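Structure for this input, please:
(one chain, ligands or ions: 1)
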Amino acid sequence: MTRAPRIAILGAGIMGSSSALLLARRGASVTLFDAAAQPFSAASRWNEGKIHLGFLYNADRSLGTIRHILPGGLAFKRLTEQLIGCSLDPATTTGDDIYLCHRESVVAPEAMQDYFRQASDLIRQHPDARRYLVDVSACRTERMTARELGAITGSPDIVAGYRVPERSVATGWVADRFVAALSAETGIAQQMATRVTSVRPQSAQETDGRWFVETEDGRHGPYDFIINSLWEGRLAVDLTAGLKPEGNWSNRYRLALFIRTDRPLEVPSAIITTGPFGDIKNYNSRDFYLSWYPKGLIADSNAISPPALTALSPDRTREISHSVLDSLEALLPETARIRAGIEQMTVAGGWVYAAGRGALSDPNSTLHRRSDYGIARLGAYLSIDTGKYSTAPWLAHQVADSIMPVAA
Ligand SMILES: Cc1cc2nc3c(=O)[nH]c(=O)nc-3n(C[C@H](O)[C@H](O)[C@H](O)COP(=O)(O)OP(=O)(O)OC[C@H]3O[C@@H](n4cnc5c(N)ncnc54)[C@H](O)[C@@H]3O)c2cc1C
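Here you go, the predicted model:
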């Protein structure tokens, strides 16, 4: 192909935007579609931003999840900084995360400790361990003493605590940098406020040929490649391409509280695990993320297309925020200090697509694993299950390499 390839990218979250920036910088002419008025309006703006080292998936004793998500987590800083053109340091949490084992956890404390030991071994041995958001080449996880635990929680429901060197990024900050990078890139045409309904090959028999994108406004194309990164909207469009989803899947809509306090607070980042619990993330002493899973879960669907959601009423929003704060405060009393210092609070979130089903309280639920996401391909049509925010830039490199490899 002598002219620049024309590529349609569906979905302007972290997955679609990372792919768009990479491909445009390799010389492609990219059209980026999204139903929202702006890129990064959905899950990729409103999530916790944990850059996974694999500790969260301690119910997956096969270690399949950590092996799958670790390389992308370790590469996140390097790849994202290249994409947005600036350092992630101002957006990165400064302290270790504390994992607190709940009495009703699906993983017992000893098994959790054993998992963390194996996870730390894998992390230390990885060649990119120094390139994570902090150097984790000497990664060890420490079990907290009873005294240390008592300083964080007085609740008998918390039976053990571990300090792990995992970090998170403030996703709103990162989203704003991605939006600026997309606008500065001349090879990307943004087709926002446009809902994609289907895709069609130009010739029904030739999936390797060109494709059209059909939207509520009409037909666009033809394109040399289509990359579907629509997240909760992906499967419905895959079906129109002839790609049928296999196995199980679920789309859960999760809300969390994004809080700015009127003063700096030294509250530790703590996650209660493993099951339907919650967490507090302290990004920079004034910006916090708080979640309590059962209160923030407002939709759970196994349909190909999850239901359209209507805006929450102010009363419902208030009720959710109060019950998230109450539930966390019962286990983590420091929540009260955040609550007393609220200067600004946004209740927001997004869909979580997972190739799994069940309840987090069930140790056998396939939701405790994330080991089989990635790229599906039908000729020049690619469908990407992002899996995790933390692995999206790494997956975007695989997408770009598979259609426009960099010359050796
Ligand atoms: C509360 C919460 C906490 C989370 N915490 C973490 C975490 O700590 N670490 C982590 O790694 N992951 C986390 N996640 C998951 C993470 O947010 C997602 O994996 C990631 O953001 C998905 O990125 P994406 O680009 O695929 O999807 P999105 O950011 O959702 O982008 C998809 C885009 O497609 C658009 N779209 C959908 N359908 C259509 C259509 N038919 N036509 C046009 N546009 C359409 C949407 O408007 C959206 O902009 C969390 C998610 C939530 C909700």
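
what about the helix or strand of the chain with the lowest mean pLDDT, distance to the chain center?
Every helix and strand of the chain was ranked by mean pLDDT, DSSP states H and E. The lowest is strand 142-143, at a mean of 92. In this view, strand 142-143 has its centroid 27 Å away from the chain centroid, taken as CA atoms, centre = their mean, to the nearest Å.

Which residues of the stretch 151-300 of the chain lie near the ligand?
Neighbours of the ligand within the stretch 151-300 of the chain, by CB under 6 Å from any ligand atom: 195-196, 229-233, 254, 256. The C-beta positions use only the backbone N, C-alpha and C, and glycine is treated the same way.

of those, buried ones?
When those are checked for burial by 16 or more other CB atoms under 10 Å, the buried set is 196, 229-233, 254, 256.

circling back to that earlier point, and the residues of the stretch 151-300 of the chain next to the ligand, which two are furthest apart?
Greatest spacing in those, by CB to CB: Val196 and Ala256 (27.1 Å).

about what we covered before: ok, of the residues of the stretch 151-300 of the chain next to the ligand, which one's closest to the ligand?
Gly233 (2.2 Å; CB to the nearest ligand atom).

doesn't the closest one fall inside a strand?
No. Under DSSP: H, G, I helix; E, B strand; the rest coil, Gly233 falls outside any strand and is assigned helix.

My guess is it contacts Ser305. True?
Yes. Applying CB atoms under 8 Å, one finds Gly233 in contact with Ser305, separated by 7.2 Å.

Show me where the protein dips below the pLDDT cut-off.
Scanning the chain with the threshold set as pLDDT under 70 gives 1, 408.

redo that, cut-off 50
By pLDDT under 50, the chain contains no weakly predicted segment.

Tell me how it divides into domains.
6-43+175-248+370-403, 250-354 (automatic domain parsing).

looking at the ones you listed, which is buried most?
Among the domains of the chain, domain 6-43+175-248+370-403 has the highest mean neighbour count (mean count of other CB atoms under 10 Å), at a mean of 20.

Thr215 reaches Met192, doesn't it?
No. The criterion here is CB under 8 Å, and Thr215 misses it with Met192 at 11.4 Å.

which one of the buried ones among the residues of the stretch 151-300 of the chain next to the ligand sits closest to Asn364?
Arg254 (21.5 Å).

Bridged to Ser29, which residues?
Ser29 has these beta-bridge partners by DSSP bridges: Arg6.

Apologies, that question was intended for Ala270.
As for beta bridges, Ala270 partners with Ile98, Ile280 under DSSP bridges.

who's in contact with it?
Contacts here follow CB atoms under 8 Å, 6 or more residues apart in numbering; on that basis Ala270 touches 97-100, 152, 279-280, 332.

again, only using 7 Å
98, 100, 152, 279-280, 332 (CB atoms under 7 Å, 6 or more residues apart in numbering).

One more: Arg234?
228, 383.

Would you map the helices across the stretch 51-200 of the chain?
All helices of the stretch 51-200 of the chain, identified by DSSP state H, counting those that start in this stretch, fall at 64-84, 109-125, 146-152, 171-184.

Would you mind finding the most buried of the ones you listed?
Greatest burial across the helices of the stretch 51-200 of the chain, using mean count of other CB under 10 Å, falls to helix 64-84, with a mean of 21.

Check the offset of it from the chain's centre.
The answer for helix 64-84 is 12 Å, by CA atoms, centre = their mean.

tilt between that helix and helix 171-184?
Using axes from the mean of the first three to the mean of the last three CA atoms, to 10 degrees, the direction of helix 64-84 lies 50 degrees away from that of helix 171-184.

how near is Phe180 to Leu83?
Careful, residue 180 is Ala; it's not Phe. 11 Å (CB to CB, to the nearest Å).

List the backbone torsions phi and psi for whichever residue of the stretch 1-150 of the chain sits closest to the ligand.
Using CB to the nearest ligand atom, Gly13 is the residue of the stretch 1-150 of the chain that sits closest to the ligand, at 2.2 Å. Gly13 has phi and psi values of phi -90, psi -160 when expressed as degrees, to the nearest 10.

Note down every partner strand of the helix or strand where Ile226 lies and its orientation.
Element membership of Ile226, judged by DSSP states H and E, is strand 225-228. Here strand 225-228 is paired, per DSSP bridges, with strand 6-10 (parallel), strand 381-384 (parallel).

Could you verify my assumption that Arg292 touches Leu328?
For residue 292 the amino acid is Trp, not Arg. Yes. Contact criterion CB atoms under 7 Å: Trp292 and Leu328 qualify, at 5.7 Å.

re the thing from before, can you list the residues that contact the strand holding Ile226?
5, 7-10, 19, 199, 211, 213, 234, 237-238, 380-384, 399, 403.

Recalculate using a threshold of 6 Å.
7-10, 19, 199, 211, 234, 237, 380-383, 403 (CB atoms under 6 Å, 6 or more residues apart in numbering).

Using CSV, lay out those together with distance to Ala340.
What follows is the contacts of strand 225-228, written out as CSV (distance: CB to CB, whole Å):
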residue, distance to Ala340
Ile7, 50
Ala8, 49
Ile9, 44
Leu10, 44
Ser19, 43
Val199, 51
Trp211, 55
Arg234, 42
Val237, 46
Ala380, 56
Tyr381, 52
Leu382, 49
Ser383, 47
Ile403, 52
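
ok, and the closest non-adjacent residue to Asn282?
Ser269 (5.0 Å; CB to CB, 6 or more residues apart in numbering).

The one you found: what's it in contact with?
Ser269 neighbours (CB under 6 Å, 6+ apart): 93, 97, 281-282.

so which of the buried ones among the residues of the stretch 151-300 of the chain next to the ligand comes closest to Ala24?
Ser229 (14.9 Å).

I'd assumed Met15 was in contact with the closest one.
Yes. Using CB atoms under 6 Å, Ser229 is in contact with Met15, at 3.9 Å.

Give the residues shared as contacts by these two.
In contact with both Ser229 and Met15: Ile384, using CB under 6 Å, 6+ apart.

Am I right that Gly221 sits in a helix?
No. Checked against three-state DSSP, Gly221 lies outside a helix; its state is strand.

Ramachandran coordinates for the nearest residue in space to it that is not next to it in sequence?
Sequence neighbours aside, Phe212 is the residue nearest to Gly221 in space, at 4.0 Å (criterion: CB to CB, 6+ apart). When read as degrees, to the nearest 10, the backbone of Phe212 gives phi -110, psi 150.

got it, and Lys295?
According to degrees, to the nearest 10, Lys295 has phi -80, psi -30.
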